[in-house]
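Novice: After the sequence you'll find the predicted model.
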Amino acid sequence: MTADTLRTGRLLLSRPVAGDVEAILAIHADPLACAHNPGDALASRTEAEELFGRWDAHWRRHGFGYWVLRRQETPDPIGFCGLKRMELHRRPVLNLLYRLAPAAWGAGLGGEAATAVVTWARAELPGQPVIARVRPDNHASHRVALRAGLRRVPHLDELGLDGPDQIYELPT
């Protein structure tokens, strides 16, 4: 049940490899990319290597995880999107993450990637709850969650590492 590669109309989503560490660092060291989640910001290559190691361990354990996003016509990574197993209010969920380099913002690529990942999850992990945790003032992230088919579920909101998380969930 692995999907090392997914494709959309404009994007290639691929399993991260060690060669993606520079892109992980570049995007996670960008203050704009992590403005709503400063706890995710990275300051060194060592931190990026450690993050890649956690992502790779998730892939090895579960057969899925976060994908690296590239436009189909270029090899340069523009972001990340995928799923991570976690718990929300003591129940297992799949957390949907999407983070793009600011240069890729505004073209609908985050929504396109998130929709592909949610479509994959529905087919390959049926019945498993998919959620997105979104900061109240991150309007673009709210739009991406909605575009991917998730719906706002205020009764699941909680305090996250960087402040309040508003929860979106994929209807079952």
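Specialist: Happy to help now that I have it.

Novice: low-confidence ranges in this protein?
Specialist: 1-2 (pLDDT under 70).

Novice: Can you point out the buried residues in whichever helix in it runs longest?
Specialist: In the chain, taking DSSP state H as the definition, the longest helix is helix 45-62. Using 16 or more other CB atoms under 10 Å as the test for burial, helix 45-62 gives 47, 48, 51, 52, 55, 56, 58, 59. C-betas here are computed from N, CA, C, even on glycine.

Novice: same check, this time on stretch 64-74
Specialist: 64, 65, 66, 67, 68, 69, 70.

Novice: Excluding chain neighbours, give the residue nearest to the last one in space.
Specialist: Spelled out, it's residue 70. In this structure, residue 70 finds its nearest non-sequential neighbour in residue 12, 4.8 Å apart by CB to CB, 6 or more residues apart in numbering.

Novice: who touches that neighbour in this structure?
Specialist: For residue 12, the contact set (CB atoms under 8 Å, 6 or more residues apart in numbering) comprises 5, 6, 69, 70, 71, 72.

Novice: Can I get the longest helix of the chain as PDB, trimmed to CA atoms?
Specialist: These are the backbone C-alpha positions of helix 45-62, laid out as PDB (Å, rounded to 0.1, in the frame of the first residue of the first chain):
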ATOM      1  CA  ARG A  45      21.100  21.400   8.000                       C
ATOM      2  CA  THR A  46      21.300  19.100  11.000                       C
ATOM      3  CA  GLU A  47      17.700  19.900  11.900                       C
ATOM      4  CA  ALA A  48      16.600  19.300   8.300                       C
ATOM      5  CA  GLU A  49      18.400  15.900   8.300                       C
ATOM      6  CA  GLU A  50      16.600  15.000  11.500                       C
ATOM      7  CA  LEU A  51      13.200  16.000  10.100                       C
ATOM      8  CA  PHE A  52      13.900  14.000   6.900                       C
ATOM      9  CA  GLY A  53      14.800  11.100   9.200                       C
ATOM     10  CA  ARG A  54      11.400  11.300  11.000                       C
ATOM     11  CA  TRP A  55       9.600  11.600   7.600                       C
ATOM     12  CA  ASP A  56      11.500   8.600   6.300                       C
ATOM     13  CA  ALA A  57      10.800   6.500   9.400                       C
ATOM     14  CA  HIS A  58       7.100   7.200   9.000                       C
ATOM     15  CA  TRP A  59       7.200   6.000   5.400                       C
ATOM     16  CA  ARG A  60       9.100   2.900   6.300                       C
ATOM     17  CA  ARG A  61       6.700   2.100   9.100                       C
ATOM     18  CA  HIS A  62       3.400   3.000   7.400                       C
END
